[in-house]
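[1] sequence and predicted structure below; questions after.
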Amino acid sequence: MLGILNKMKEDFYVRKQDGSTKGPYQASFTGTVIIVSDIKADIQEGDVIIRKLPNGNDDRYYITEVTCYSQQFGSIPPHYQVKFTKTPPSPQPERSIQNISFHGSQSVQIGDHNVQHITNTFNELIQKINSSSASESEKQEAKSLLNQFLTHPLVVSILGSAVGAGIGLL
């Protein structure tokens, strides 16, 4: 069997994950596994093996596993066995993990790079204060406290320009 594989060797190149190309190397393409006879070949999981077909097209093999047999075993010389898929792997999106804890809150919005329209919340709050059955002095006091909150340096540093819009509604 090994003699047949040695006669079936074909040239191929390796496209590394950084975009560089290595090779040419020689391998036997058996259908389910690629046997690479060059033990010094620079191949690893995530690389792409590119083999030129007789019609001039490139055949691509996306490497999923590389096993190195560095010692000769009987008549079998050192080699790599490469498992692959013909389908390109889909890129994994980068994710950041955040732990957020809160208690006793209402109308909380948590997002990942989304826009929160806090000015709508200020507008709604001011409308509810104005339409409440409280006395005028209580309404003015509530809006004054809201203004104090919105002008506090910590709140300004967190909310940025949204604070100006909120103050403008008062």
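    All right, it came through fine. These numbers come from a predicted model, not from an experiment.

[2] and the helices in this protein, which stretches?
    2-7, 118-131, 136-151, 153-159, 161-168 (DSSP state H).

[3] distance of the residue nearest to residue 58 when sequence neighbours are not counted relative to residue 29?
    Using C-beta to C-beta, 6 or more residues apart in numbering and skipping residues adjacent in sequence, the residue nearest residue 58 is residue 50, 5.2 Å away. Any C-beta I mention is one placed from the backbone N, CA and C, and that applies to glycine too. Distance of residue 50 to residue 29, given as C-beta to C-beta, to the nearest Å: 12 Å.

[4] of these two, who's got more company?
    Just comparing residue 50 and residue 29: by other C-beta atoms under 10 Å the higher neighbour count belongs to residue 29, 19 against 16.

[5] and that one, how far from residue 46?
    Separation of residue 29 from residue 46 (C-beta to C-beta): 19 Å.

[6] swap in residue 65?
    10 Å.

[7] phi and psi next, for the residue of the chain most remote from its centre.
    Here the chain reaches farthest from its C-alpha mean at residue 135, the gap being 54.4 Å by C-alpha atoms, centre = their mean. The phi/psi pair for residue 135 (degrees, to the nearest 10) reads phi -70, psi 160.

[8] for stretch 47-60, buried residues please.
    Neighbour counts over stretch 47-60 (16 or more other C-beta atoms under 10 Å) mark 47-51 as buried.

[9] from the residues you listed, which ones fall inside strands?
    Secondary structure from DSSP state E places 48-51 of the buried residues of stretch 47-60 in strands.

[10] what would those residues look like in TSV with distance to residue 37?
    Output for those, formatted as TSV (distance: C-beta to C-beta, whole Å):
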residue	distance to residue 37
48	19
49	14
50	17
51	14
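
[11] for the residues you listed, which one is nearest residue 77?
    Minimum distance to residue 77 across those is 19.7 Å, recorded for residue 49 (C-beta to C-beta).

[12] ok, residue 16 touching residue 42?
    Yes: look at residue 16 against residue 42 with C-beta atoms under 8 Å: they come within range, at 7.4 Å.

[13] overlap in contacts, the two.
    Common neighbours of residue 16 and residue 42, using C-beta atoms under 8 Å, 6 or more residues apart in numbering, are residue 22.
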